[in-house]
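K.L.:
the following block contains a protein sequence and its predicted model.
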Amino acid sequence: MNETVRGAAEVDVVVVGAGQAGLSSAYHLARAGIGHVVLDHAPRPGGAWQFRWPSLTYGKVHGMHALPGLELVDADPLRPSSEVIGAYFAAYEERFGLRVRRPVDVKAVRDGGQGPGGRLLVESTAGTWSARALVNATGTWDRPFWPRYPGQELFRGRQLHTANYPGPQEFAGARVIVVGGGTSAVQHLLEIAEVAAETTWVTRRPPVFRDGTFGEAEGRAAVALVEDRVRRGLPPQSVVSVTGLPLNEAVRAGLASGILERRPVFDRLTASGAAWADGGRVEADVILWATGFRAAVDHLAPLRLREPGGGIRVEGTRAVRDERVHLVGYGPSASTIGANRAGATAVREIRRLLDREPGRRRGRRHRVRGQGLRAWGDQGLGAAGAPAAARSRLNSATCFLCSS
């Protein structure tokens, strides 16, 4: 890594984020022999999974696809997903020598002053990097969406978001309103109802439950809908708006018992609960906002990538307004299987970009501990962290990164 102008460390590519999308991208960059650095703001491996509530066990995760080159097998379904996937990501980083720098917060990404073909300056709490390209893999977990309703500031009870959900035990004996029509809202309700005095579910639109399997064809159709919005420069749609809610045994039981009986969202909040225009009221001690997340891309603001519609227009993974910037895990690639594929796609395009530089030689294939990365392609990580020959039992359909 060389020093360049303004004291910045020079590198070919900076990867921001070390969740599924970031690690997949780093894997493919290493295979291509492209120099890179991975910056992650989290304190330890695991991406957003490390922040999930303890009661979200691995068996309840509705989709998790293995990272490229290393399967995850025989994971304990009763163990918290934060522990299972955190350990898997840590082992993955170790196995492939992906030296992630953490905790590092990326504050801003700016043009280096040399125009569209020049370098990017990536400013962080650990210094500044000068890069030819950027892979943004920051996901959504850091940007929980809190909608605004009249009277919200008057409510005397507790308000919290899925991002801070501690598990059901803190709601014992409470009257809880859960706001939101996604998978997280359903999971919260089914848990909280067992200990709460009363639960109420409110959504903006009637929930749509999906019966049967969600296979490859359904996955492609869902991705196409999200991709269309991103190509038009609109913010990506929520996952559930294109996939529907999976109708499993627990959900069927919740519908039968009335736990998942839905009401239209309230018109306003009061000091003691929620009120509707028709005169209806519900008293509550807690409002739990399971209202999803937005893309964490504020650090890209200096590059002016947003379209008038509010989103970043993307072709493949490449930002249309700046070919040096690739968004992996954004829009149509916001799934664990999509992030894997998008990482490979981004690296192919980045390689073409770098190869346009006069006199640049192609890098040699990255090697780890004397073995090429291909040597690990058929390996698996068992529950104890050791390689296992069995193939992954993970869901291979479209498995979205954020369950909200």
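P.N.:
In hand now; what should we look at? Not measured: the values here are computed from a predicted model.
K.L.:
which ones are touching L160?
P.N.:
L160 makes contact with 286-289, according to CB atoms under 8 Å, 6 or more residues apart in numbering. Placement of C-beta: from N, CA and C, glycine included.
K.L.:
worst-scoring helix or strand of this protein, pLDDT-wise?
P.N.:
Lowest on mean pLDDT, DSSP states H and E among the helices and strands of the chain sits strand 371-372, with a mean of 34.
K.L.:
about what we covered before: any idea which of the contacts of L160 is closest to V347?
P.N.:
Closest approach to V347 among those (CB to CB): W289, at 36.9 Å.
K.L.:
tell me the pLDDT of the closest one.
P.N.:
What the model reports for W289 is a pLDDT of 98.
K.L.:
ok, now A301?
P.N.:
For A301, pLDDT reads 97.
K.L.:
hmm, it is touching A108, no?
P.N.:
Yes: A301 is within contact range of A108, at 7.4 Å (criterion: CB atoms under 8 Å).
K.L.:
any idea how far S184 is from E315?
P.N.:
Separation of S184 from E315 (CB to CB, to the nearest Å): 31 Å.
K.L.:
please identify which of the two sits among more neighbours.
P.N.:
S184 (26 against 12; other CB atoms under 10 Å).
K.L.:
so which strand or helix has that one?
P.N.:
Element membership for S184, per DSSP states H and E: helix 183-192.
K.L.:
how distant is that helix from the center of its chain?
P.N.:
Remark: helix 183-192 is offset 19 Å from the chain centroid, using CA atoms, centre = their mean, to the nearest Å.
K.L.:
just stretch 291-304 next, same as before
P.N.:
On CA atoms, centre = their mean, the centre of stretch 291-304 falls 13 Å from that of its chain.
K.L.:
do stretch 299-311 as well
P.N.:
That offset, for stretch 299-311, works out to 19 Å (CA atoms, centre = their mean).
K.L.:
contacts for that stretch next, please.
P.N.:
Taking CB under 8 Å, 6+ apart as the rule, stretch 299-311 contacts 16, 106-111, 120, 136, 138, 229-230, 232-236, 297, 312-313, 319, 321-322, 325, 331.
K.L.:
tell me, how many residues neighbour L154?
P.N.:
11.
K.L.:
chain neighbours aside, what residue packs nearest to it?
P.N.:
Leaving aside its sequence neighbours, L154 sits nearest to A271 (CB to CB, 6 or more residues apart in numbering; 5.1 Å).
K.L.:
doesn't E153 make contact with the one you found?
P.N.:
No: contact criterion CB under 8 Å: A271 and E153 do not qualify, at 10.1 Å.
K.L.:
longest helix of this protein?
P.N.:
helix 336-355 (DSSP state H).
K.L.:
give me the buried positions along that helix.
P.N.:
The neighbour-count check on helix 336-355 (16 or more other CB atoms under 10 Å) flags 336-347, 349-351, 353-354 as buried.
K.L.:
stretch 260-271 too?
P.N.:
Buried, per 16+ other CB under 10 Å, within stretch 260-271: 260, 262, 265-266, 269-270.
K.L.:
hang on, the earlier thing: ok, A301 and A108, which is more surrounded?
P.N.:
Just comparing A301 and A108: by other CB under 10 Å the higher neighbour count belongs to A108, 15 against 12.
K.L.:
leaving out sequence neighbours, find the closest residue to the more buried one.
P.N.:
A108 sits nearest to E123 (CB to CB, 6+ apart), 4.7 Å away.
K.L.:
and the gap between the residue most central in space within the chain and H41?
P.N.:
Centroid-nearest residue in the chain, with CA atoms, centre = their mean: G139, separated by 4.0 Å. Distance, G139 to H41, by CB to CB: 11 Å.
K.L.:
list residues touching both of those two?
P.N.:
G17.
K.L.:
ok now do P103, which residues does it touch?
P.N.:
Counting by CB under 8 Å, 6+ apart, P103 makes contact with 40-43, 125.
K.L.:
for the residue nearest to A108, name its beta-bridge partners.
P.N.:
A108, T128 (DSSP bridges).
K.L.:
my understanding was that it contacts D105; is that so?
P.N.:
No: in this structure E123 lies outside contact range of D105 using CB under 8 Å: 9.8 Å.
K.L.:
returning to that earlier point: give me the phi and psi for the residue nearest to L154.
P.N.:
phi -60, psi -30 (degrees, to the nearest 10).
K.L.:
model confidence for it, exactly?
P.N.:
98.
K.L.:
quick one: residues contacting the closest residue to V61 other than its chain neighbours.
P.N.:
Excluding the flanking residues, the one nearest V61 by CB to CB, 6+ apart is S81, at 5.1 Å. Listed by CB under 8 Å, 6+ apart, the contact partners of S81 are 49, 52, 56-58, 60-61, 64.
K.L.:
now V328
P.N.:
Per CB under 8 Å, 6+ apart, neighbours of V328: 21-22, 24-25, 135-137, 317, 339, 342-343, 346.
K.L.:
from these, which shows the smallest pLDDT?
P.N.:
A339 (77).
K.L.:
my guess is it meets H28, correct?
P.N.:
No: between A339 and H28 there is no contact under CB under 8 Å: 11.3 Å.
K.L.:
ranges for the helices of the chain?
P.N.:
20-32, 81-95, 183-192, 216-231, 240-243, 249-257, 336-355.
K.L.:
kindly reformat those helices as CSV containing distance to E10.
P.N.:
What follows is the helices of the chain, written out as CSV (distance: least, CB to CB, whole Å):
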stretch, distance to E10
helix 20-32, 16
helix 81-95, 24
helix 183-192, 42
helix 216-231, 31
helix 240-243, 41
helix 249-257, 52
helix 336-355, 13
